[in-house]
Structures are given as structure tokens and as C-alpha cells.
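In: Just a sequence and a predicted model for now, questions to come.
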Amino acid sequence: MKKIGIIGGGAMGSGIAQVFAQYGHPVVLYDTNKEALDRSKQNLAKTFEKLVAKEKYTAEKAQEIQNNIEYADSLSAFASIDLMIEAIIENLDIKKSVFKQVEEIVSDECILASNTSSLSIASIASACSKPERVIGIHFFNPAPLMALVEIIPAVQTREGLADEVKALIQSVGKLPVITKDTPGFIVNRVARPFYSESIRLLEEGVADAETIDFAMTSVGGFRMGPFELMDFIGHDVNYRVTESVFESFFYDPRFKPSFSQKRLFEAGFYGRKSGRGFYNYAEGVEKKAPSQDQALLEKIYKRVLVMLINEAADALFLNIANREDLDTAMTKGVNYPKGLLKWADEYGLENVQNDLDELYNYYHEDRYRLSPIIRNFVKENKTFY
Ligand code: NAI
């Protein structure tokens, strides 16, 4: 069993520790903040109390799993680990200095991974004297429940490491996908239009948030509508991701953030957690009933869907990931009802092309440019599957 060292006992680090401990790996969880470690340990105990009550585990097994985790307030406990996963604050300089420190303690064979969602793995690896052992292993929140894990080899990462890590991640019950070290990896790149195109529809006054949410859940089959989902994630998180993806893509207009969401963020209207976002969560405030105009609901659904499909297709065009991994990422990472490339085939690639060309011809905005792969496939009468 490989020994896993995790840095950062917050939401992600604690969840990742639980995943490996459940599969029998010895885990060392390190945090500079003693309270974070205590909290992590208590939360895990509560989680297992519930799992035992639900008869998912026996009391003995639950204890055994918890005993697999050692809580450490010194990095010296990392001397014998095989894999380090860093899950600390999302700050490049701090991450780089932590990687440097860890490299002085661990063996030469130890793999060093970051759980970053927005920083480039190449930039983190650049801090190391052996950058070829650095890789991204991006879990989703909550890590024990979300099956998807994105594996991100950097330009420096040695050949074969991604496959080794993939096998390890599979062995702890997860669904790993391999993606290039580009902004947002798969999920946070391909999912952008779900939010941005919906906000655009709202800003243009095509429909209100309630109706757009209803279109995406009732016609599209998504579990949550975009506005409910953004309010749930929090605009502090969701807006920041949007802005960071936009900046990292050298300001490609396709990823442009919106003023509507920026103002919510600036106002501290983060969504559910602050009582107000796109919706008002104060007691007694009821949501408006959505429009039942089927033609309008269809129009909304189609516009958001073709934008999503275009993003997934373009990621395939640019070899960010393979077809299966792109579809797995969206169904397992953000619970989309279908993989977008599979959905594209069902919707008809010619229909995707026509819808997007119509939007492009109307707006003359680069945001609506069709990915060449779709035009090529239509010309050659090909489908994704
Ligand atoms: P968090 O704020 O819940 O936890 C971070 C922990 O790291 C804290 O306990 C803090 O005391 C500790 N820490 C900070 N600096 C440290 C240092 N120099 N050495 C040791 N410990 C240190 O953060 P969260 O949400 O767990 O995120 C961690 C990482 O995972 C970030 O890179 C984030 O982008 C990424 N991520 C977050 C997701 C989320 O939904 N929260 C999803 C996927 C990735």
C-alpha cells in the first residue's frame, strides 16, 4: 500500500485523506494550522458515525479507516511517503514554496501532486529540482462522493507518470481522466457556457432566471439550473473561476465574464450562503413561477446546449483530452445528464453548426465562433461516436 502525504486539512485535503484511508492506504495529513487538523479529525469521526449508523461500515472497520490517518503538525512525518497531494490555499507562490520544502524531505521517487483547480502545473513544477515527478491530481468537492478526478501531466512530467497515477486513482474507486495542462483543465473549461450563456440570455432580457433555470432542468434534464447552481456554488468561487479562466486564456472573448455576476460578487451577494445572489433566500420570499412558453424554453435550452457542445468539441479539436474522457468529465464531475459529444451526435452536428452560425451571423462576436471540428465533421458526414 502506498503511503500518502496530504498537505492542507481543509475541505479538499480532508476529503482526499478519507478516500485513500478507506482503501487501506496509510495517510499523513499535515496542516500548519492545528485547529484545521483537529476540525478535520472531528469531522471525519462524525462522518463515520453516520456511515456506521447507516450500516455502510461496521464500527470496527470505521475505526480502522480512521486509524489509517495520522495528523501531523510537522512535515518531517512525510519522510517515508510515496505520493504527496497538496491541497492548500490557491496561491502560486505559497504552493511553490511548499513544493520546495517537501522535496527536501521526501525520497527521490516520491510523486508530488497538486490539487489546484486553476494554476498551471508547469508553474508549480518549476519550483522543484525534480519537476519530472510533479503532476496535477484534481479531485472534485466533496472528494469522497465525487467520482471524477482530473489527472494533469505538465510539460515537465516524465513519460508514463500520468498512467501510473491513473491506475492508483482507479484503485481507490475513482474515475480518472487525463487532460492537458491548460486553464480550467476539462470541467472548468467546458462548463463555462452553462453559466455565461445563461447570464447573457438574462442580460438580454430573453427570459428571467426562473425561466432559464426551468428550461435547463425541464427540457435539458440538468439537475440544477444555472442560476440556482451559481447561487449554490457561491459567486465568490464561481466568478473568480470565470475571471481566472478568461485571463488565463489570454482574454479569449469566448470566456468573457459578465458584469451581472461581477456586481453580485462585489456586493457580497454570494448566493445561498449569504442569503442573496441571483435569487433572494430571505424567509418568505418566493421564487417567481417560470414561463411555460414551450417555444421559449426550447430556444433557451438549445442556445446553452450548443454553446456547451462547441466548447467540448473545441477541447477535442485541440487535443485537451480524448472523446471518452471529455464526456466522462462532464457526467461525473458536474453531473450533466449526458456527455456533450454524445449529446452533439444526438442533436445532430449539422444542427449545432446551423445554430451557432446563426448566432455568429447575428452578433458578429467571436464568442459564437464554431469549432472547426464540427464544420469538418459535417462536411465529411462524420459523428463523434
Ligand atoms: P481550504 O481553505 O478549505 O483548506 C486549505 C487548508 O490549507 C487550510 O486548512 C489551511 O490551514 C491549510 N494551509 C494553508 N497554507 C498552508 C501551508 N503553507 N502549509 C500547510 N497547510 C496550509 O481550501 P480547499 O477548498 O480545501 O482548497 C484547497 C485546494 O484545492 C486549492 O488549491 C483549491 O483550489 C483546490 N480545490 C478546491 C475545490 C473546492 O471546491 N473547494 C475543488 C477542487 C480543488
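Out: Thanks, I have the structure now. Residues are numbered from 1 along each chain as shown.

In: Now Arg158: closest residue in space, sequence neighbours ignored.
Out: Counting by C-beta to C-beta, 6 or more residues apart in numbering, Arg158 lies nearest to Glu132, which is 4.0 Å off, once chain neighbours are set aside. In short, each C-beta sits where N, CA and C put it, glycine included.

In: do Ala321 as well
Out: Thr179 (4.6 Å).

In: can you pull the pLDDT of the residue of the stretch 51-200 of the chain found nearest the ligand?
Out: For the stretch 51-200 of the chain and the ligand, the shortest gap (C-beta to the nearest ligand atom) falls at Asn141, measuring 3.3 Å. Looking at Asn141, its pLDDT is 91.

In: can you check Phe249 too?
Out: We have a pLDDT of 96 for Phe249.

In: Also Leu305?
Out: With respect to pLDDT, Leu305 has a value of 98.

In: in what helix or strand does it lie?
Out: Following DSSP states H and E, the helix or strand that holds Leu305 is helix 294-317.

In: ok and the helix or strand following that helix relative to helix 294-317, angle-wise?
Out: With elements assigned by DSSP H and E, the helix or strand that comes after helix 294-317 is helix 323-333. Between the axis of helix 323-333 and that of helix 294-317 there is an angle of 130 degrees, by axes from the mean of the first three to the mean of the last three C-alpha atoms, to 10 degrees.

In: mind checking how far helix 323-333 is from the chain centre?
Out: Relative to the centre of its chain, helix 323-333 is centred 11 Å away, using C-alpha atoms, centre = their mean, to the nearest Å.

In: other SSEs contacting the following helix or strand past it?
Out: Using DSSP H and E, the helix or strand that follows helix 323-333 in sequence is helix 340-347. Contacts defined by 3 or more C-beta pairs under 8 Å, 6 or more residues apart in numbering; DSSP states H and E place helix 340-347 against helix 294-317, helix 323-333.

In: and the longest one, what does it pack onto?
Out: Yep, that's helix 294-317 we're talking about. helix 187-190, helix 192-203, helix 209-214, helix 323-333, helix 340-347, helix 349-363, helix 372-380.

In: Tabulate these (CSV), appending mean neighbour count and mean pLDDT.
Out: Listed next are the helices and strands packed on helix 294-317 as CSV, based on neighbours: other C-beta atoms under 10 Å; pLDDT from 0 to 100:
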stretch, mean neighbour count, mean pLDDT
helix 187-190, 23, 96
helix 192-203, 22, 98
helix 209-214, 24, 98
helix 323-333, 22, 97
helix 340-347, 20, 98
helix 349-363, 16, 98
helix 372-380, 15, 98
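
In: Between these, which one is closest to the ligand.
Out: helix 187-190 (9.1 Å).

In: For Lys101, which three-state class applies?
Out: Heads up, residue 101 is Gln, not Lys. helix (DSSP: H, G, I helix; E, B strand; the rest coil).

In: State the pLDDT value of the closest residue to the ligand within the chain.
Out: Closest residue of the chain to the ligand, C-beta to the nearest ligand atom: Gly10 (1.8 Å). pLDDT recorded at Gly10 is 94.

In: now Leu119
Out: 94.

In: Near the closest residue to Ala344 other than its chain neighbours, how many residues? Count them for me, please.
Out: Distance criterion C-beta to C-beta, 6+ apart; nearest residue to Ala344, sequence neighbours excluded, is Ile309 at 4.5 Å. Number of residues near Ile309 (other C-beta atoms under 10 Å) recorded here: 26.
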